[in-house]
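> heads up, no residue letters with this:
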């Protein structure tokens, strides 16, 4: 019986994590600049950080 409760909690945690990252992804789309039209080799360090952050949030929202 305890194993069922443990699995239910882990599923809820995964759902909460996914929904949090989906919300964060929608906020990022509206707030952060779009860097898709720029060459990644010519980005500044700050722009590369923003790009990496957006990628991290996107990947976690898709899991």
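Received, thanks. Small disclaimer: the values here were computed from a predicted structure and weren't measured. Residues are numbered from 1 along each chain as shown.
> need the helices for the protein, in chain order.
Taking DSSP state H as the criterion, the chain carries its helices at 2-31, 45-62.
> Could you tell me the angle between the longest one and helix 45-62?
Right, the one you point to is helix 2-31. Helix 2-31 runs at 140 degrees relative to helix 45-62, counting by axes from the mean of the first three to the mean of the last three CA atoms, to 10 degrees.
> Tell me the helices and strands packed up against helix 2-31.
If contacts are counted by 3 or more CB pairs under 8 Å, 6 or more residues apart in numbering; DSSP states H and E, helix 2-31 sits against helix 45-62. No exception for glycine: its C-beta is placed from N, CA and C like everyone else's.
> Name the residues of the helix it packs on that are buried.
Residues of helix 45-62 classed as buried: 50, 51, 54, 57, 61 (neighbour count, 16 or more other CB atoms under 10 Å).
> what's the closest of the helices of the chain to residue 38?
For the helices of the chain, proximity to residue 38 was assessed by CB to CB; helix 45-62 is nearest, at 7.4 Å.
> Which residues does the closest one contact?
Helix 45-62 is contacted by residues 17-18, 21-22, 24-25, 28, 32-33, 35, 38, 40, 43 when judged by CB atoms under 8 Å, 6 or more residues apart in numbering.
> any idea which residue sits dead centre in this protein?
Taking CA atoms, centre = their mean, the centroid of the chain lies closest to residue 57, which sits 1.5 Å from it.
> where's it relative to residue 37, distance?
Applying CB to CB, to the nearest Å, the value for residue 57 to residue 37 is 20 Å.
> Just give me how far the worst-scoring helix or strand of the chain on mean pLDDT sits from the chain centre.
Counting by mean pLDDT, DSSP states H and E, the chain has its least confident helix or strand at helix 2-31, which shows a mean of 80. Centroid separation for helix 2-31 versus its chain: 11 Å, with CA atoms, centre = their mean, to the nearest Å.
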